[in-house]
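Chemist: What follows is a protein structure lacking sequence information:
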Ligand code: UDX
């Protein structure tokens, strides 16, 4: 099928590339000339494992192209995806100005029946507004449908999520649109869940908020574990083995970040309130997440006593491994808090350094050698559980550091291992290891 994707950010680019990989003809459109120029030259503006290779393969095969020409894209396509960003406004609500503008543009260039698919994460009822907008600006007599098809991609494993999806949610109001969407996803026909449009829109926010709630729940349990002498890893395992609960998303840590959970929980809480329901539970999910970060920073400060002039090694800047994304990354808050008190910060990350450097230019950064920031460090802080961090040679770390203190925001090591290696070790929801 012929597909146009409007908005070549993270979601648009991954979605378009994966559609081309299963044989569809795809044009990814964006209004940023630098981005399109880079993509045309084989450069990929984001880091996602395997994406660069998949783009190259499908461009060479003639199934994937990039363009700024929305008019040509609309005319070419049978299905048009809206995948522009929906940034958070100061009020917490999603800003839909790009969705609105793109809907108008699509309408003006429509030359026959097409399915317009809302892929961006939007509040419930947005597709109705898209429908109204397109109806207003489209030439008389041209028919179309608006469908909601939310994405559930996790950064770092997005290609896998697209090729082995748990489910594909399609909210469609007509048989004609349902048929086209079924054809589009025919590779995954057993995975498609057809719903009405409003439900599909709500599923995205409800799913992400539920996952965020699971994380905040285990983080709250971790606090109680610390106070009671229990071990959160044991507790998470013990509750997760109940198949009704499940073991996933029960990793206690420094709190969730990224471009989705914080924004989506906020948006869902506000949408619910605007509709007349006070979703207090979601505010608590946010409050626990905020507290989790604050407590972690407090642990660091308590250990250092005086932060000024201490050499602080931070391992991991991205909000999670296998991405260069630092949006709502805990590392940014940690750098800010310790920098304000005069800490001498040395940070390592294999992908996110250039982005973090723009925010905090005074930090000394390393991209290659994970051991480099540890030389003579007073403390090592683990913020992102990159593979290189989980595989650290602890004897070498011990030798490099001025004092063997590790504060681990991801429970990347067991306390027993740290005790054997001779470290003072503070983690989340587990008894501290005192060191020698
Ligand atoms: C998320 C959703 O998983 C995805 O379905 C959605 O479409 C986009 O948002 P993503 O933001 O890429 O994906 O990251 P995810 O892997 O879900 O992790 C989000 C945050 O939660 C990270 O900061 C991660 O470190 C944290 N997390 C995750 C935990 O603290 N504990 C866990 O057990 C799991």
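Modeler: Happy to help now that I have it. Since we're looking at a predicted model, the values are computed, not measured. Numbers count the residues shown, from 1 in each chain.
Chemist: For the host helix or strand of residue 297, buried residues please.
Modeler: According to DSSP states H and E, residue 297 maps onto helix 280-304. For helix 280-304, the neighbour count (16 or more other C-beta atoms under 10 Å) marks 282, 285-286, 288-289, 291-293, 295-297, 299-300, 303-304 as buried. Quick note: C-beta positions are derived from backbone N, CA and C, even for glycine.
Chemist: Would that helix count as contacting the ligand?
Modeler: No. Judged by C-beta under 6 Å from any ligand atom, helix 280-304 makes no contact with the ligand; its nearest approach is 8.7 Å.
Chemist: Who are the packing partners of that helix?
Modeler: helix 197-228, helix 261-275, helix 330-340, strand 379-382, strand 405-408 (3 or more C-beta pairs under 8 Å, 6 or more residues apart in numbering; DSSP states H and E).
Chemist: So is the fourth one next to the ligand?
Modeler: No. Between strand 379-382 and the ligand, judged by C-beta under 6 Å from any ligand atom, nothing touches; the nearest distance is 12.1 Å.
Chemist: So which residues on the stretch 101-250 of the chain come close to the ligand?
Modeler: 151-155, 208, 211, 215, 249-250.
Chemist: Now tabulate those in TSV and tack on pLDDT, neighbour count and distance to residue 265.
Modeler: Converted to TSV, those look like this (pLDDT from 0 to 100; neighbours: other C-beta atoms under 10 Å; distance: C-beta to C-beta, whole Å):
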residue	pLDDT	neighbour count	distance to residue 265
151	93	22	17
152	92	18	16
153	91	19	18
154	92	14	16
155	91	24	17
208	96	23	7
211	98	19	10
215	98	21	10
249	97	16	14
250	97	20	17
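Chemist: and residue 385, backbone torsions?
Modeler: The phi/psi pair for residue 385 (degrees, to the nearest 10) reads phi -90, psi 60.
Chemist: Is the closest residue to it other than its chain neighbours in a helix, a strand, or coil?
Modeler: Counting by C-beta to C-beta, 6 or more residues apart in numbering, residue 385 lies nearest to residue 410, which is 4.2 Å off, once chain neighbours are set aside. Secondary structure state of residue 410, per DSSP: H, G, I helix; E, B strand; the rest coil, is coil.
Chemist: same thing with residue 251?
Modeler: Under three-state DSSP, residue 251 comes out as coil.
Chemist: Make 23 the first number, not 1, from now on.
Modeler: Let's use 23 as the start, then, which means that last one is residue 273.
Chemist: Now do the same contact list for it.
Modeler: 237, 240, 258, 432-433 (C-beta atoms under 8 Å, 6 or more residues apart in numbering).
Chemist: the helices in the stretch 323-458 of the chain, which residues?
Modeler: 352-362, 375-381, 409-412, 416-422, 437-442 (DSSP state H, counting those that start in this stretch).
Chemist: With distance to the ligand, mean neighbour count and mean pLDDT as added columns, please give the ones you listed in TSV.
Modeler: Formatted as TSV, these follow (distance: least, C-beta to the nearest ligand atom, whole Å; neighbours: other C-beta atoms under 10 Å; pLDDT from 0 to 100):
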stretch	distance to the ligand	mean neighbour count	mean pLDDT
helix 352-362	7	20	97
helix 375-381	15	16	97
helix 409-412	13	15	98
helix 416-422	22	14	97
helix 437-442	19	15	96
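Chemist: is it possible to export the ones you listed to JSON lines including distance to residue 113?
Modeler: As requested, the helices of the stretch 323-458 of the chain are exported to JSON lines (distance: least, C-beta to C-beta, whole Å):
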{"stretch": "helix 352-362", "distance to residue 113": "22"}
{"stretch": "helix 375-381", "distance to residue 113": "24"}
{"stretch": "helix 409-412", "distance to residue 113": "37"}
{"stretch": "helix 416-422", "distance to residue 113": "45"}
{"stretch": "helix 437-442", "distance to residue 113": "43"}
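Chemist: which stretch among those comes nearest residue 126?
Modeler: helix 375-381 (32.2 Å; C-beta to C-beta).
Chemist: just checking, what packs against the helix-or-strand element of the chain with minimal mean pLDDT?
Modeler: Lowest mean confidence among the helices and strands of the chain (mean pLDDT, DSSP states H and E): helix 180-185, at a mean of 90. The helices and strands touching helix 180-185, judged by 3+ C-beta pairs under 8 Å, 6+ apart, are helix 32-43, helix 73-82.
Chemist: what does the longest one rub up against?
Modeler: With C-beta under 8 Å, 6+ apart as the test, helix 32-43 has contacts from 25, 27-28, 30, 48-50, 52, 61, 66-68, 70, 73, 76-77, 79-80, 83, 85-86, 103, 105-106, 141-142, 173, 175, 177, 180-181, 184-185, 206, 281.
Chemist: which intervals of the stretch 123-272 of the chain have sub-threshold pLDDT?
Modeler: Scanning the stretch 123-272 of the chain for pLDDT under 70 picks out nothing.
Chemist: the strands in it, which residues?
Modeler: 136-140, 166-170, 190-193, 214-217 (DSSP state E, counting those that start in this stretch).
Chemist: Switch those strands over to JSON lines; also include distance to residue 453.
Modeler: What follows is the strands of the stretch 123-272 of the chain, written out as JSON lines (distance: least, C-beta to C-beta, whole Å):
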{"stretch": "strand 136-140", "distance to residue 453": "48"}
{"stretch": "strand 166-170", "distance to residue 453": "47"}
{"stretch": "strand 190-193", "distance to residue 453": "43"}
{"stretch": "strand 214-217", "distance to residue 453": "44"}
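Chemist: can I get those strands in a markdown table with distance to residue 402 and mean neighbour count?
Modeler: Output for these, formatted as a markdown table (distance: least, C-beta to C-beta, whole Å; neighbours: other C-beta atoms under 10 Å):
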| stretch | distance to residue 402 | mean neighbour count |
| --- | --- | --- |
| strand 136-140 | 45 | 26 |
| strand 166-170 | 45 | 25 |
| strand 190-193 | 42 | 24 |
| strand 214-217 | 45 | 16 |
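Chemist: State whether residue 81 and residue 75 are indeed in contact, as I suppose.
Modeler: No. Using C-beta atoms under 8 Å, residue 81 makes no contact with residue 75, being 10.9 Å away.
Chemist: Looking at the two, which has the bigger crowd around it?
Modeler: Each of residue 81 and residue 75 has its neighbours counted (other C-beta atoms under 10 Å); residue 81 has more, 17 against 11.
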